[in-house]
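**Student:** for reference, the sequence and a predicted model appear below.
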Amino acid sequence: MTFDRGEWAIVLLSVKIGGVAMLAALPIAYALAWMLARGRFPGKVLLDGVVHLPLVLPPVVTGWLLLLAFAPNGPIGGWLENWFGVSVLFRWTGAAIAAAVMALPLMVRAIRLSIEGVDRRLESVARTLGAGRARVFWSVTAPLSLPGVLAGMVLGFARALGEFGATITFVSNVPGETATLPIAIYSALQVPGGEAGVVRLAGMSVALSLIALVLSEWLARRNGRSGHVL
Amino acid sequence: MSFDIDVTVRLGEAVVGAVVPDDGLDSGLTVLFGPSGVGKSSVLNMVAGLLRPAAGHVRVGGATLFDSAAGIDVAVQDRRCGYVFQEPRLFPHRRVAANLRYGMARGTPPIGYDDMVALLGLAHLLDRWPATLSGGEAKRVAIGRALLSGARFLLMDEPLASLDRGRREEVMVAIERLRDTLRLPILYVTHDAAEAERLATRIVAM
């Protein structure tokens, strides 16, 4: 089975969009997971709901809402246009935003669980040993919640890689910009005689997902843990 | 002056409190003695700053750590308190040596790292992960870690609980050695009369 240049470009584009989306969503996901796991504030239930919205909404609706927000006259799109003169519509950055929004709830869920699983008595010990808030976080809470972070990264990357509905609604199907693996597979299916390409791209999707999974298990092991990431 | 404590706190329905009068000595092991469930651990938490008393004061070695009347409440990390909890609570993601060194940034410990390792017999454990230690070994590491954090006093919460007879003796000997070599005030919680009898410089009932 050999790939032509166009197919390699699709794979690279998908990895770029999925990776950027996942990495950009990671700090936001950790902060949200932290607030949901530890925070006590009014509106927590509402925040929880909003974070999970992309998980339960039809992806097309999420894509359409993103389109409204990022359109040149929309609230975020207008701001980007005025200040930076850029637009994410029909661009790979837009596809990454859609993928990040769709991946966020899964990442928050995984990270939140592992933050809730951190033994808070260990944080108390760290404080009695002289650690201030920041050191307690970086030396105890963060490393102990790492399995959840890795799980969240795998889930987020896989979800971002598979994103279809929100992406195609938000930034359309532009070859070389927004046509990721699922969108390219869908397009190939519409073309008579495209089956061979479909098989290759689908095979690549399986391979990418497996690599992400194995990589994260390996990272977790190297970190001195025997548990599984997922 | 070792401990001068008078604290109360409301925990749900119960009011927990204790008075440890100033004994004029500057070291020694004070046993806080009483049956299970009277809130001895809560008193230690108040001395450490992990639990905020409703009223009262905590003074150790002449330094005021908490005084509700004067509005003083020193942060946990600044109290220079070595707290040995009932469970060892070692950091599972750090080897024994890294656990021991965790608090060393805070100040000069009463005894150096190498001396501590020798005193508590930890030399052969330094490269191990906490999960591989026996109960007695983990307890000794926890004691060493607390002392190396530049502690000016020690709090020990039933350090012999959940240890079998052999391990109890091993940890008890270590504690006696600390009591007699380091000039540190120790506040020690137990409900075991024989243990109190053997270790205490003085006993305060709760």
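**Tutor:** That came in fine, so what should we check first?
**Student:** residue numbers of chain A in contact with chain B?
**Tutor:** Contact residues, chain A versus chain B (Cβ under 8 Å from any Cβ of the partner chain): A:119, A:121-122, A:124-132, A:139-140, A:143-144, A:223-224. Placement of C-beta: from N, CA and C, glycine included.
**Student:** mind redoing it with 10 Å?
**Tutor:** A:119, A:121-122, A:124-133, A:135-136, A:139-140, A:143-144, A:146, A:223-226 (Cβ under 10 Å from any Cβ of the partner chain).
**Student:** from these, list the buried ones, please.
**Tutor:** Among the residues of chain A next to chain B, those classed as buried by neighbour count (16 or more other Cβ atoms under 10 Å in any protein chain shown) are A:122, A:124-131, A:135-136, A:139-140, A:143-144, A:146.
**Student:** ok so, going back, which of the residues of chain A next to chain B fall in strands?
**Tutor:** Assignment to strands by DSSP state E places none of those there.
**Student:** and B:T190, bridged to which residues?
**Tutor:** B:F33 (DSSP bridges).
**Student:** that one and B:L147, how far apart?
**Tutor:** 19 Å (Cβ to Cβ, to the nearest Å).
**Student:** contacting residues around residue 122?
**Tutor:** Assuming you mean chain A. The neighbourhood of A:L122, defined by Cβ atoms under 10 Å, 6 or more residues apart in numbering or on different chains, consists of A:V136, A:S139, A:V140, A:T141, A:L144, B:R89, B:L90, B:F91, B:P92, B:H93.
**Student:** was after chain B, sorry
**Tutor:** By Cβ under 10 Å, 6+ apart, the neighbours of B:L122 are B:96-97, B:100, B:116, B:128, B:133, B:137, B:140-141, B:143-145, B:174.
**Student:** how about the helices in chain A?
**Tutor:** All helices of chain A, identified by DSSP state H, fall at A:5-38, A:44-56, A:59-70, A:75-84, A:92-116, A:120-128, A:133-136, A:142-144, A:146-162, A:165-171, A:181-190, A:195-222.
**Student:** pull out the buried residues from the first one.
**Tutor:** By that I understand helix A:5-38. Result for helix A:5-38 [16+ other Cβ under 10 Å]: buried residues A:7, A:10-11, A:13-15, A:17-22, A:24-26, A:29-30, A:32-37.
**Student:** got the angle between it and helix A:195-222?
**Tutor:** If you take axes from the mean of the first three to the mean of the last three Cα atoms, to 10 degrees, helix A:5-38 sits at 40 degrees to helix A:195-222.
**Student:** enumerate every residue touching the closest residue to A:G77 other than its chain neighbours.
**Tutor:** Distance criterion Cβ to Cβ, 6 or more residues apart in numbering or on different chains; nearest residue to A:G77, sequence neighbours excluded, is A:F70 at 4.1 Å. The neighbours of A:F70, taking Cβ under 10 Å, 6+ apart as the test, are A:76-81, A:87-89, A:93-94, A:97-98, A:170-171.
**Student:** angles on the backbone of B:A205, please.
**Tutor:** phi -80, psi 150 (degrees, to the nearest 10).
**Student:** select the longest strand from chain B.
**Tutor:** Per DSSP E, chain B has its longest strand at strand B:3-11.
**Student:** what sits up against the helix or strand following that strand?
**Tutor:** Sequence order places strand B:14-20 as the next helix or strand after strand B:3-11, per DSSP states H and E. With contacts defined as Cβ under 10 Å, 6+ apart, strand B:14-20 is touched by B:2-10, B:30, B:32, B:34, B:37-47, B:51, B:53-56, B:58-59, B:187, B:202, B:204-206.
**Student:** from these, which are also near chain A?
**Tutor:** B:N45, B:L51.
**Student:** list only buried entries from the contacts of strand B:14-20.
**Tutor:** Judged by 16+ other Cβ under 10 Å, buried ones among the contacts of strand B:14-20: B:2-5, B:7-9, B:30, B:32, B:34, B:38-47, B:51, B:53, B:56, B:58-59, B:187, B:204, B:206.
**Student:** tell me if B:L178 really is in a helix.
**Tutor:** Yes. Membership of B:L178 in a helix is supported by DSSP: H, G, I helix; E, B strand; the rest coil.
**Student:** report how many residues lie close to it.
**Tutor:** 23 (other Cβ atoms under 10 Å in any protein chain shown).
**Student:** where exactly do the strands run in chain B?
**Tutor:** B:3-11, B:14-20, B:28-33, B:55-60, B:63-67, B:72-73, B:81-84, B:153-157, B:185-190, B:202-205.
**Student:** packing partners of the third one?
**Tutor:** Meaning strand B:28-33. strand B:3-11, strand B:14-20, helix B:40-48, strand B:153-157, helix B:165-181, strand B:185-190, helix B:193-199, strand B:202-205 (3 or more Cβ pairs under 10 Å, 6 or more residues apart in numbering or on different chains; DSSP states H and E).
**Student:** same check, this time on the longest one
**Tutor:** In this structure, strand B:3-11 makes packing contacts with strand B:14-20, strand B:28-33, helix B:40-48, strand B:55-60, strand B:63-67, strand B:185-190, strand B:202-205, judged by 3+ Cβ pairs under 10 Å, 6+ apart.
**Student:** redo that, cut-off 8 Å
**Tutor:** Packing partners of strand B:3-11 (3 or more Cβ pairs under 8 Å, 6 or more residues apart in numbering or on different chains; DSSP states H and E): strand B:14-20, helix B:40-48, strand B:55-60.
**Student:** and the fifth one, by the same measure?
**Tutor:** Counting by 3+ Cβ pairs under 8 Å, 6+ apart, the packing neighbours recorded for strand B:63-67 are strand B:55-60, strand B:72-73.
**Student:** what's the angle from the longest one to strand B:14-20?
**Tutor:** Put plainly, it is strand B:55-60. For strand B:55-60 against strand B:14-20, the angle by the same axes, to 10 degrees is 40 degrees.
**Student:** contact partners of strand B:55-60?
**Tutor:** Identification of contacts with strand B:55-60 by Cβ atoms under 8 Å, 6 or more residues apart in numbering or on different chains yields B:1-8, B:17, B:22, B:46-47, B:64-69, B:81, B:152-153, B:185.
**Student:** could you give the number of residues near residue 142?
**Tutor:** No chain was given, so I picked chain A. 14.
**Student:** hmm, no, I was thinking of chain B.
**Tutor:** Count around B:A142 with other Cβ under 10 Å applied: 27.
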